[in-house]
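>>> Can you look at this prediction? I've put the sequence above it.
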Amino acid sequence: QVQLVESGGGLVQPGGSLRLSCAASGNIVRVNSMGWFRQAPGKQRELVAYMPLFGTTNYADSVKGRFTISRDTATDNAKNTVYLQMNSLKPEDTAVYLCNVRGQHGILQRDFDSWGQGTQVTVSS
């Protein structure tokens, strides 16, 4: 199985910055996409940033120009990590942030679609 471990959440004042990390492990052969989602209390989960292996990186309109998704990908599992740099944070960015990674793993190169456990980001003065 492919496991994702997130880190980097916390409490920050409006205008501040945080960097989230999500490390994927589990005999990954290929990563096809990496992304970040968030879910605020009482709201549906929404896409924050999405980075396919080929194609254009997409951001939610609400975070464009403030958030940046990046990744290290390699056959070495330790380098299958996706980051979310969040700048100029606003109270409305408060949510649980979850990473998502899709690809193939194992000798049989089976498809996987894995989620992190979520990390809380709170923007408040």
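On my side now, so go ahead.
>>> who touches the worst-scoring helix or strand of the chain on mean pLDDT?
Across the helices and strands of the chain, mean confidence by mean pLDDT, DSSP states H and E is lowest for strand 67-72: a mean of 91. With CB atoms under 8 Å, 6 or more residues apart in numbering as the contact definition, strand 67-72 has outside contacts at 31, 34-36, 48-51, 57, 59, 79-87. For every residue, glycine as well, the C-beta is placed using N, CA and C.
>>> mind running it again at 6 Å?
Met34, Ala49, Met51, Lys79, Thr81, Val82, Tyr83, Leu84, Gln85, Met86 (CB atoms under 6 Å, 6 or more residues apart in numbering).
>>> of these, buried ones?
Buried members of the contacts of strand 67-72, counted by 16 or more other CB atoms under 10 Å: Met34, Ala49, Met51, Thr81, Val82, Tyr83, Leu84, Met86.
>>> circling back to that earlier point, neighbouring strands for the least confident helix or strand of the chain, and are they parallel or not?
If you go by DSSP bridges, strand 67-72 pairs up with strand 81-86 (antiparallel).
>>> how distant is the partner strand from the center of its chain?
Chain-centre distance of strand 81-86: 6 Å, with CA atoms, centre = their mean, to the nearest Å.
>>> Just after that strand, pick out the following helix or strand.
strand 95-105 (DSSP states H and E).
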